[in-house]
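[1] take a look and give me a structure for this.
(one chain, ligands or ions: 1)
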Amino acid sequence: MAEVGPVADKVTSYFYALLFMRHPDLRMLFPASMDTQRDRLLRALLTAAENIDNTEVLVAYLKNLGRGHRKYGTEPEHYPAVGEALIGSLSRYASSSWSEETEAAWVRAYTTISQVMIDAAAEDELRAPAWWFGEIVSHELRTSDIAVLTVRPDQPYPFLAGQYASLETPWWPRIWRHYSFASAPRPDGLLTFHVKAVSAGWVSNALVHRARPGDTVRLGPPAGTMTVDHSNDNGLLCLGGGTGIAPIKALVEDVAEHGARRSVEVFYGARTDHDLYDVDTMLRLQQSHPWLSVRPVIDSFDQPGRLPDAVRQFGPWHDFDAYLAGPPGMIRNGVQVLRGAGVPQDRIRHDSLEELVAAAD
Ligand SMILES: NC(=O)C1=CN([C@@H]2O[C@H](COP(=O)(O)OP(=O)(O)OC[C@H]3O[C@@H](n4cnc5c(N)ncnc54)[C@H](O)[C@@H]3O)[C@@H](O)[C@H]2O)C=CC1
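    Below you'll find the predicted structure:
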């Protein structure tokens with residue numbers, strides 16, 4: 001991987017060129033524009049490589065990837081085609097370190113990886129659809145670029161508070177983006193998402209500026225491990241930056257439903273007052289739950305991104321489980337501050353930074 005890292009763009013372009021040249025029928029499974037698709041493959045490979053020594057994490061990641069691929073229409077027979085193109089492009093760009101042994105090792109690794117994904121997809125097929133249709137039943141513009149969308153899935157959609165779904169709009173077929181659920185599972189089965197239109201974000205702009213009640217989106221299966229550990233009574237320390245407050249709100253509702261005996265401390269960061277688009281909801285929750293405290297943190301001109309610093313001023317936090325949701329930079333800095341405040345790594349939860357960076361496309 002060290003040799004291909006610096007030429008990652010070339011490797012992925014060559015990979016897709018090989019794949020589509022040899023298997024033109026597979027082209028229709030990918031978006032019309034491949035711009036944002038290109039580095040997804042490499043990112044997935046890097047994530048797998050990073051966790052190569054941690055079998056439990058790696059297998060969980062691959063199973064999730066396999067389940068998630070059902071919505072693309074991926075079939076078991078597609079995997080060898082991808083494997084051939086992958087090895088073809090790696091052997092070309094890692095030529096100085098490539099040998100028969102390297103090739104054999106890649107074939108073995110890829111065969112194992114694809115088998116875990118294929119098996120997870122087959123198992124999932126017995127209990128869940130590949131995707132759900134969801135009708136947008138309400139669309140509320142909270143600021144000029146943030147919308148709260150409520151979606152009614154066509155069949156029951158089981159998930160846990162703190163997880164996210166991938167979502168495809170009718171305007172950008174086969175382009176999927178992740179959005180966290182902004183509520184814990186509700187008795188009426190409706191799902192809520194907070195979407196910020198980001199520059200060059202095709203899906204997010206369509207969802208904020210174009211989507212209307214009555215439109216239909218497709219939903220992939222729920223994913224993510226940022227869920228509440230109900231096996232202990234530790235307090236929850238939650239950092240939500242911008243629309244990252246969405247899954248934090250879901251976690252608060254989840255704790256409330258479990259009859260909270262634990263304190264929940266929420267720090268809600270935004271650039272300006274105006275960007276605290278969900279502060280009223282959070283303060284209402286604080287009023288009805290004595291165990292909940294919500295602290296809005298507004299950036300100042302001389303101190304942008306000050307959310308993690310604000311958390312440092314309170315505490316102590318070493319007995320808390322920590323949850324972070326928001327921009328990747330906030331999560332990185334937040335984790336550092338929390339580690340410095342004595343919160344062990346295994347009690348700090350957030351979504352994968354690779355996925356969040358991809359979501360910003
Ligand atoms: N599950 C998750 O982790 C979720 C993540 N998101 C992500 O959250 C982001 C939301 O974007 P915006 O609302 O535009 O957020 P933003 O860029 O306006 O930032 C919101 C707040 O986060 C903090 N922050 C931002 N960058 C920081 C840094 N480098 N260091 C420390 N603190 C920092 C600041 O307090 C800032 O006011 C998107 O990138 C989105 O993908 C959104 C929903 C769920």
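
[2] quick one: the helices in the stretch 101-250 of the chain?
    With DSSP state H, counting those that start in this stretch as the criterion, the stretch 101-250 of the chain has helices at 202-205, 245-257.

[3] repeat that for the stretch 251-361 of the chain.
    For the stretch 251-361 of the chain, the helices defined by DSSP H, counting those that start in this stretch cover 279-288, 307-312, 328-340, 353-359.

[4] deepest-packed of these, please.
    helix 307-312 (a mean of 20; mean count of other Cβ atoms under 10 Å). Just so you know, the C-beta spots here come from the backbone N, C-alpha and C atoms, and that holds for glycine as well.

[5] near the ligand, which residues of the stretch 51-200 of the chain? Just list them.
    Neighbours of the ligand within the stretch 51-200 of the chain, by Cβ under 6 Å from any ligand atom: 164, 180, 196.

[6] next, count neighbours for the first one.
    The number of residues packed near residue 164 is 25, by other Cβ atoms under 10 Å.

[7] returning to that earlier point: make JSON lines out of the helices of the stretch 251-361 of the chain and add mean pLDDT and distance to the ligand.
    Below are these laid out as JSON lines (pLDDT from 0 to 100; distance: least, Cβ to the nearest ligand atom, whole Å):
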{"stretch": "helix 279-288", "mean pLDDT": "97", "distance to the ligand": "13"}
{"stretch": "helix 307-312", "mean pLDDT": "93", "distance to the ligand": "3"}
{"stretch": "helix 328-340", "mean pLDDT": "96", "distance to the ligand": "3"}
{"stretch": "helix 353-359", "mean pLDDT": "70", "distance to the ligand": "5"}
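
[8] of all those, which lies closest to residue 220?
    helix 353-359 (12.5 Å; Cβ to Cβ).

[9] what comes up buried for stretch 293-304?
    Neighbour-count burial for stretch 293-304, counted by 16 or more other Cβ atoms under 10 Å, picks out 294-299.

[10] returning to what we had before: which one of the residues of the stretch 51-200 of the chain next to the ligand is nearest the ligand?
    Checking these against the ligand by Cβ to the nearest ligand atom gives residue 180 as the nearest, at 4.0 Å.

[11] who are the contact partners of the nearest residue to the closest one once chain neighbours are set aside?
    Closest residue to residue 180 apart from its sequence neighbours, by Cβ to Cβ, 6 or more residues apart in numbering: residue 247 at 3.8 Å. Counting by Cβ atoms under 8 Å, 6 or more residues apart in numbering, residue 247 makes contact with 161-164, 180-182, 226, 240, 323, 325.

[12] residue boundaries of the strands in the stretch 151-300 of the chain?
    Remark: strands assigned in the stretch 151-300 of the chain by DSSP state E, counting those that start in this stretch are 164-168, 176-180, 191-196, 216-219, 235-241, 264-270, 292-298.

[13] what's the spacing between residue 158 and the ligand?
    From residue 158 across to the ligand, the span is 19 Å (Cβ to the nearest ligand atom, to the nearest Å).

[14] contacting residues for that residue?
    Shown in contact with residue 158 (Cβ under 8 Å, 6+ apart): 185, 222.

[15] show the pLDDT at it.
    Looking at residue 158, its pLDDT is 97.

[16] and it, what are its phi and psi?
    Residue 158 has phi and psi values of phi -80, psi 140 when expressed as degrees, to the nearest 10.

[17] residue 150 and residue 137 touch, don't they?
    Yes - counting by Cβ atoms under 8 Å, residue 137 is a contact partner of residue 150 at 5.2 Å.

[18] what is in contact with those two at once?
    Overlap of the contact sets of residue 150 and residue 137 (by Cβ under 8 Å, 6+ apart) consists of residue 190.

[19] which of these two has more residues huddled nearby?
    residue 150 (20 against 13).

[20] show the pLDDT at the nearest residue to that one once chain neighbours are set aside.
    Leaving aside its sequence neighbours, residue 150 sits nearest to residue 138 (Cβ to Cβ, 6+ apart; 4.3 Å). Listed pLDDT for residue 138 reads 98.

[21] can you tell me how far the residue in the chain positioned nearest to the ligand is from residue 270?
    The ligand sits closest to residue 242 of the chain, with a gap of 1.9 Å, by Cβ to the nearest ligand atom. Here residue 242 is placed at a distance of 6 Å from residue 270 (Cβ to Cβ, to the nearest Å).

[22] quick one: contacts for residue 221?
    Residues in contact with residue 221, defined by Cβ under 8 Å, 6+ apart, are 67-68, 70-71, 124, 128, 131, 165.

[23] pick the one among those residues closest to residue 233.
    Of all these, residue 233 sits closest to residue 165, with 29.2 Å by Cβ to Cβ.

[24] can you tell me the closest non-neighbouring residue to the closest one?
    Nearest non-adjacent residue to residue 165 (Cβ to Cβ, 6+ apart): residue 219, at 5.0 Å.

[25] check whether residue 350 really touches residue 335, as I assumed.
    Yes - with contact defined as Cβ under 8 Å, residue 350 counts as touching residue 335 (7.2 Å).

[26] which residues do these two both contact?
    Listed as contacting both residue 350 and residue 335 by Cβ under 8 Å, 6+ apart are residue 324.

[27] thinking again about what came up before, just give me the neighbour total for the residue of the chain closest to the ligand.
    Residues near residue 242, counting by other Cβ under 10 Å: 22.

[28] now do the contacts for it.
    For residue 242, the contacting residues are 196, 269-271, 275, 326-327, by Cβ under 8 Å, 6+ apart.

[29] distance to residue 84 and pLDDT added to the contacts of residue 247, as JSON lines?
    Below are the contacts of residue 247 laid out as JSON lines (distance: Cβ to Cβ, whole Å; pLDDT from 0 to 100):
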{"residue": "161", "distance to residue 84": "41", "pLDDT": "98"}
{"residue": "162", "distance to residue 84": "38", "pLDDT": "98"}
{"residue": "163", "distance to residue 84": "34", "pLDDT": "98"}
{"residue": "164", "distance to residue 84": "32", "pLDDT": "97"}
{"residue": "180", "distance to residue 84": "36", "pLDDT": "98"}
{"residue": "181", "distance to residue 84": "38", "pLDDT": "98"}
{"residue": "182", "distance to residue 84": "42", "pLDDT": "98"}
{"residue": "226", "distance to residue 84": "36", "pLDDT": "97"}
{"residue": "240", "distance to residue 84": "44", "pLDDT": "98"}
{"residue": "323", "distance to residue 84": "41", "pLDDT": "98"}
{"residue": "325", "distance to residue 84": "39", "pLDDT": "98"}
